[in-house]
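> What shape does this take:
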Amino acid sequence: MKFFKFVSYFFHPINFPIIGTILYFLLIPEYIFKPQEHLIITVIFIGTYVFPLFLLILLRRFKMIDSYHMITIEERKFPTLLFISICYIIGNWLFKSTVVDILSLFYFGYGLVLIFTYIFLYFKIKISLHTSAIGGLIGFLIYFSFHYKINLIILLSIFFMLSGLIATSRLRLKAHSIREVLLGYTIGILSQFIVYGIYYII
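Below is the predicted model:
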């Protein structure tokens, strides 16, 4: 059981935006000026990791949430709205730069996931943010591979296996039902495809 707790903490949803960003800069075949790359990574790290983590600590300190995994439906609502705002602010900033527009889609996709997540909360369905996060990263890597004509089969295979481990850990910890885990995973992937589809058509 300790192993599954470790997996849940190590692959917490808050880690995936910066993971996706770093992978983007490692894999992109186009040259981007290093100072610009470092600025983008720094801003994203602060906006998607440092600030949300600080907020979660405050929310727990003031007893607005019981744990960093936001177990109950009610305690998920406000953080979800905040993370939606963060995703769209960063996505819009990246898109306007025109240099990393594909990376901006990653954040628009996560924003869309969170919108679906928020809607489902009103139906008393607590979608797994862990599986939606890994699903979103997989969806992003799939269209990244398609867009730049890069073979990422090995990397995708690793993340597919990792997603199974994450899903298993959430089920073994009884944090979610099978439906919530599968919904999170499916919506995570589809949301990325939706934003890329819109971008590709336009």
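
> going forward, measure contacts and count neighbours with C-alpha atoms only.
Will do.

> helices or strands up against the stretch of helix or strand residue 52 belongs to?
Counting by DSSP states H and E, the element that carries residue 52 is helix 51-61. With contacts taken as 3 or more C-alpha pairs under 8 Å, 6 or more residues apart in numbering; DSSP states H and E, helix 51-61 sits against no other helix or strand.

> From the centroid of the protein, which residue is nearest?
residue 133 (3.7 Å; C-alpha atoms, centre = their mean).

> What confidence value was assigned to it?
We have a pLDDT of 96 for residue 133.

> before we move on, back to that, just the buried positions in the helix holding residue 52, please.
52, 56, 59 (16 or more other C-alpha atoms under 10 Å).

> can you check stretch 122-142 too?
Those would be 125-142, for stretch 122-142 by 16+ other C-alpha under 10 Å.

> ditto for stretch 11-20
So stretch 11-20, judged by 16+ other C-alpha under 10 Å, has buried residues 11, 12, 13, 14, 15, 16, 17, 18, 20.

> again, but for stretch 141-160
Buried residues in stretch 141-160, counted by 16+ other C-alpha under 10 Å: 141, 142, 143, 144, 145, 156, 159.

> Check stretch 73-83 too.
Buried-residue list, stretch 73-83, by 16+ other C-alpha under 10 Å: 73, 75, 76, 77, 79, 80, 83.
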